[in-house]
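# Sequence and predicted structure, then a few things I'm wondering about:
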Amino acid sequence: MSEHKSDIRTGVYVCHCGTNIASVVDVREAARHAASLPGVEISREYKYLCSEPGQALIRQDILERGLNRIVVAACSPHLHEETFRTAAAAAQLNPFHVQMINIREHNSWVHEDKARASRKAEKLIRAAVRRVAHHKPLERVRVPINPAVLVVGGGIAGIHAALTVANAGRQVYLVEREPSIGGHMAMFDKTFPTLDCAACILTPKMSAVKAHPNIKLWTHSDVTDVQGYVGNYRVKVTRWPRMVREELCSGCLECVAACVFKEAKVPDEFNFGLSKRKPIYIPFPQAVPQVPLIDMENCIQFRTGKCKKACAQACGDRKAIDFQQGEEIKEVDVGTIIVATGSKTFDAERAAYYGYGTYPNVYTSLEIERLVNACGPTAGRVVLRNGETPKSVAIIHCVGSRDENTNRWCSRVCCMYSLKLAHLLKEHTGAEVFNFYIDMRTPGKGFEEFYQKLLNEGVHFVRGRVAEVTEWALDQSEEGKLVLRVEDTLLGLVRRIPVDMVVLSVGMEPHADASEVRRLFNITCSSEGFFLERHPKLAPVNTFTDGIFLAGSCQGPKDIPDTVAQAGAAAAEALALIGAGYMEQEPNAAYVVEDHCSGCGACSALCPYSAITLDAGARRSSIHPVLCKGCGTCVAACPSGAIRQNLFEDEQIFEEITGVLTHG
Amino acid sequence: MKADDSGLAARGYLYYPGCSLRATGVAYEESLLTLFRLLGLPLRELEDWNCCGATSYMSIDEGAAALLSARVLSLARQQGAEDLLAPCSACYLALRKTQDSVHRYPRVQQEVEESLARAGLTLLNSTRIRHPLEVLYTDVGLPAIHTKTVRRWRGGQVACYYGCQLVRPYEGVDKAQNPTRMEELLQQVGVPVVDYALKTKCCGGSLTGTLSEVGLRLNYILLKEAARKGAEAIVTVCPLCQFNLDAYQRDIRQQSGERFDIPILYFTQVLGWALGGGVRELGLHRAVSGRNLIKRWFQAHEPVEAYV
């Protein structure tokens, strides 16, 4: 190696990052130290290397001083590696002759001892200078992007993303687990803060999805396998049997009317059991697709095999009802995937002290959405379980949010939907309405104004976390009521407030199977289980897996405006890739030194990306440079040391280690 | 005796009475010992035990209080037990709290260990602190209780009351918000229970003595709600709860103007009775309130036993 080290001319650049680095690390001394290292032609420190003058400095040095290696000691390569590689390329230097080390996140931001932090920076610089001498010129690989897009989840996020991509003329596959698209938004009566009817603004988009020539909609289906890489994903979708053939059904619903169940007896999932449905049913009147399905658990034909099959008779010659229908697997190739799987509401029974599941007149906010909805189980009449109209209603905020014992995060939508429900409940029943809140959080366009409106409507606001909902009565006035015990923190008093109805404003949390979904798409999630974006501010819809984007509340609690905005952003990111037609890949792939390979096959069995093929005849393995993600598993596993990896060659790593361990 | 029972019997339980069970809660000790004897699980008393530190000491000097509990835990280990049975809720909580602090805070651990060392003791913080309710539910099990029942319950409905210290903040005995194990045990011997929302609410603790207006009010609420739900007696797991509810019903009448005469029983008394225990050996004769009802429930079908 030493023979070609003689012509190494390295430039070292130490960044102050304003005071982010310079306030802890002695950057001047670090640069001075770098200048003394072998092969270093020039060493500089600079206030902001990422600025245009900073980059110009590097370009100029390369051209004027004939530098052929660059070391930048600054922030995380996640942020600026590309900046400095581009600067080098602009000066005709191979961009992979640049090595970046992180003396901010890994040093100045986490250390307090200035002297030791400075020594650490020097060690890192020494390591990088030794390493970069062994860098080889590399070329990026271009990966073509398949223009078809998979959208997973048919709530408002998935619907909006699918329509945006489809309107741009691209093929979309929209997969929804439930029998209809629409998600949670389809359950709402009105939307805050404008109080426009949720169905009126959602159903046109649902119909548009169904009618769009570029959208293939698969409901009652799950994505069951994802293979491949950015631009070239192969996806398996399992379509669960509805027992009603979608292509033959006209949506007349005669079968539902004809069902031998004269009365609906099965608790209706869409209305949370507040109403009943038949074993053959559509989830709600505006469901898309307008195709019924049979619930095998309750259908007499499936339970006993002895039904007279009135539904099939009613269907007649269409023959859409098919008791033999099995699951169907669709396989599609797509270039990008938008994950919009949504979230679920907090299970109110976990907050046992609020009596949900114990006291019949304690409801969740979603149940109330159905009760106030004109097409809900009571056609919009808000009644207690005994059919009476409540004279007083309490709405408890932050149930399953901002709570050490359940979920610590703020669910962001509950304050506003609680205000909306307060308005609707007052409007529908004339009841006295109490809101119990910890803090009112109304940061959104028109939100604070809506809060003011509610204050003027005479809704009571009590600041304090409710301790419990109970039915023990102290005196006659509390008899038969639900009593809330709460510290009113503005009055400084513990109060008992008897009401007829309690509404629990449940928060949002990840789906129970979010972790399996995460593994399926090879994306990451934060500790609470929401899917993790690549950067919280600057890459909010990207994931750490190229070509997979996030939209909606699977990424974190959010309201409809934010969800739609994010869905649009995810669609734009997918379209940007499609528009470019290709994506450049980091050339950090592993490769096989053929003469050393014995063809044992240890590597191909381990590769998580199926990038290695073993030619059994020639007894040689080879690695596909595009499929390889540079994880290094095979490099470590090869018993003959025949696999090497670009940017992680043995000599590069050993030099780096030596640099760190050398004193001086 | 069945094979699985013999293991339990051989192991037995070391048991820490604490001060209450030797004073106001003597009926608790009597019924506990009787019940475990009837189950074939005799209890062995911890030798040379001392005060647990309880709530009053804990609020004045946490360090000293922890030392008292630590000594008890240490003695249990020295006397060869992995499990230590603490029937009193205050003892149970003080022991758990001490164990938790020692485990959590190195400073506390150091102080406790140094002090114990001066007394020639070493702290082994792995002693499992158990409560009879949990032992009956998990070690003995509902089916065993059911099969050992020899008397049919002829009394009325009861409300099960757990108080504040046993289920919070440490889980282990039962669910923190809505404990149900006492109900499940009583139902095994045929005792009807009512739905009692106040089962973990405060009994006033020592407030009955120090701020009686507040203490009595809290007990009034508990009694009133139990009566409203149709319970004729309240069954407790804690000597302090039992004492407060039992001893002050006359004062509560003076304060509230409402008359109560409700028996306040220990769960060990009810279970012990079902398993064949006698009135006196279960300490049922020591009740202050509801004596007439107790006489009816526990004597009419038990002519052998003398009742004073």
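Nice, thanks for sending it over.

# Contacts only, for the closest residue to chain B within the stretch 501-650 of chain A.
Chain B sits closest to residue A:502 of the stretch 501-650 of chain A, with a gap of 14.0 Å, by Cβ to the nearest Cβ. C-beta: built from backbone N, CA, C; applies to glycine. Residues near residue A:502 by Cβ atoms under 8 Å, 6 or more residues apart in numbering or on different chains: A:354, A:355, A:359, A:361, A:362, A:363, A:393, A:394, A:396, A:469, A:482, A:484.

# Tell me where chain A is predicted with low confidence.
Residue ranges of chain A with pLDDT under 70: A:1-5, A:664.

# from it, which residue is nearest to chain B?
For chain A, Cβ to the nearest Cβ, closest residue to chain B: residue A:352, 3.7 Å.

# what number of residues lie near that residue?
15 (other Cβ atoms under 10 Å in any protein chain shown).

# Quickly list what residue 14 is bridged to.
You didn't pick a chain, so chain A it is. Beta-bridge pairing of residue A:14 under DSSP bridges involves residue A:45, residue A:73.

# Can you look at chain B instead?
residue B:44, residue B:84.

# Next, count neighbours for it.
Around residue B:14 there are 23 residues (other Cβ under 10 Å).

# Any figure for the gap between it and residue A:68?
Look at residue B:14 and residue A:68: by Cβ to Cβ, to the nearest Å, they are 78 Å apart.

# Over to residue A:265?
From residue A:265 to residue A:68 the distance is 80 Å (Cβ to Cβ).

# Which residue comes closest to residue A:259 once chain neighbours are left out?
residue A:278 (4.7 Å; Cβ to Cβ, 6 or more residues apart in numbering or on different chains).

# How about the contacts made by residue A:495?
So residue A:495 contacts A:462, A:484, A:485, A:486, A:487, A:488 (Cβ under 8 Å, 6+ apart).

# tell me which element the first one is part of?
Here residue A:462, judged by DSSP states H and E, is contained in strand A:460-463.

# So which elements touch that strand?
Secondary-structure packing of strand A:460-463 (3 or more Cβ pairs under 8 Å, 6 or more residues apart in numbering or on different chains; DSSP states H and E): strand A:432-437, strand A:482-488.

# Quick check: which of the ones you listed is buried the most?
strand A:432-437 (a mean of 22; mean count of other Cβ atoms under 10 Å in any protein chain shown).

# So which bits of chain B are right by chain A?
B:175, B:177, B:178, B:197, B:198, B:221, B:224, B:225, B:228 (Cβ under 8 Å from any Cβ of the partner chain).

# follow-up on the earlier one: out of residue A:265 and residue A:68, which sits in the busier spot?
residue A:68 (21 against 11).

# Just confirm the more buried one contacts residue A:8, I think it does.
Yes. The criterion here is Cβ atoms under 8 Å, and residue A:68 meets it with residue A:8 at 6.7 Å.

# in chain B, which spans are strands?
With DSSP state E, the ranges of strands along chain B come out as B:13-15, B:43-45, B:83-85, B:128-130, B:158-161, B:233-236, B:264-266.

# Give me the helices and strands touching whichever helix in chain A runs longest, please.
As assigned by DSSP state H, the longest helix anywhere in chain A is helix A:560-580. Applying 3+ Cβ pairs under 8 Å, 6+ apart, we find helix A:560-580 packed against strand A:149-152, helix A:156-167, strand A:336-339, strand A:548-550.

# Now name the helix or strand holding the nearest residue to residue A:501 once chain neighbours are set aside.
Setting aside the residues directly before and after it, residue A:501 is nearest to residue A:390 in space (Cβ to Cβ, 6+ apart), at 4.0 Å. Using DSSP H and E, residue A:390 is not contained in any helix or strand.

# Could I get the buried residue list for stretch A:407-424?
A:407, A:409-424 (16 or more other Cβ atoms under 10 Å in any protein chain shown).

# Same question for stretch A:293-310.
Applying 16+ other Cβ under 10 Å to stretch A:293-310 flags A:293, A:294, A:295, A:298, A:299, A:300, A:301, A:307, A:309, A:310 as buried.
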